[in-house]
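*Asks:* no sequence for this one, just the structure:
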């Protein structure tokens, strides 16, 4: 239960920082994508299922309050698939290496922006990808990657504390997972 509450608070805080305080955290009208950082990091730390769930709820928040008006569910799908796909490497990575989350966050941020460009602009014959890349994608990517270095350490610390708490609860009360009983 503590994990669900903590992750929900992290989603809400990331959403509020990304949408409400964007003028305070923006550099040259470019804001970092805090939601993609959250989704990628927790998918790497926890796996596909949690990455998918966090991605869905992060995307739903963006769709409901900040989303592109013509495309309902765009962010939900993108972030959900992002969390699921990134979660595949959860079991084969060393979580203390900072480069892995940085690389995955950079790839995911680029791909989500590219997909947004294709749907929002290219399908409407606004084919100036070079301008969009230079003014939107690249600065956001650099800013997002820079913040990933710091936020990964924070999210990993939170995740480690939650795992320690979960192990303590499991030792105290035993396992409640029906799969382990069968």
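*Replies:* Good, I have the coordinates. Fair warning: this is a prediction, and the values are worked out from it, not measured in the lab.
*Asks:* residue 75 contacts residue 62, doesn't it?
*Replies:* Yes: at 4.0 Å, residue 75 counts as touching residue 62 under the criterion of Cβ atoms under 8 Å. All C-beta spots, glycine's among them, are computed from the backbone N, C-alpha and C.
*Asks:* grab the most central residue of the chain for me.
*Replies:* Note on the chain: the residue nearest the mean C-alpha position is residue 39, at 2.2 Å, using Cα atoms, centre = their mean.
*Asks:* wait, that one touches residue 84, no?
*Replies:* No: applying Cβ under 8 Å, one finds residue 39 not in contact with residue 84, separated by 9.8 Å.
*Asks:* can you list residues touching both of those two?
*Replies:* Shared contacts of residue 39 and residue 84, defined by Cβ atoms under 8 Å, 6 or more residues apart in numbering, are found at 51, 55.
*Asks:* could you list the low-pLDDT ranges of this protein?
*Replies:* Scanning the chain with the threshold set as pLDDT under 70 gives 22-26, 67-71, 122-123, 174-182.
*Asks:* roughly how far is the longest helix anywhere in the chain from the heart of the chain?
*Replies:* Using DSSP state H to define each element, the chain has its longest helix at helix 138-173. Its chain's C-alpha centre and that of helix 138-173 lie 12 Å apart, by Cα atoms, centre = their mean, to the nearest Å.
*Asks:* what about stretch 114-129, start to end distance?
*Replies:* One end of stretch 114-129 to the other measures 9 Å (Cα to Cα, to the nearest Å).
*Asks:* show me what counts as buried in it.
*Replies:* 116-117 (16 or more other Cβ atoms under 10 Å).
*Asks:* try stretch 10-19
*Replies:* Buried residues in stretch 10-19, defined by neighbour count with 16+ other Cβ under 10 Å: 10-11, 14-15, 17-18.
*Asks:* contacts for it?
*Replies:* In this structure, residues lying in contact with stretch 10-19 by Cβ under 8 Å, 6+ apart are 25, 31-35, 37-38, 54, 57-58, 61-62, 65-66, 155, 158.
*Asks:* what subset of these is buried?
*Replies:* For those, a neighbour count by 16+ other Cβ under 10 Å gives the buried set as 31-35, 37-38, 54, 57-58, 61-62, 155, 158.
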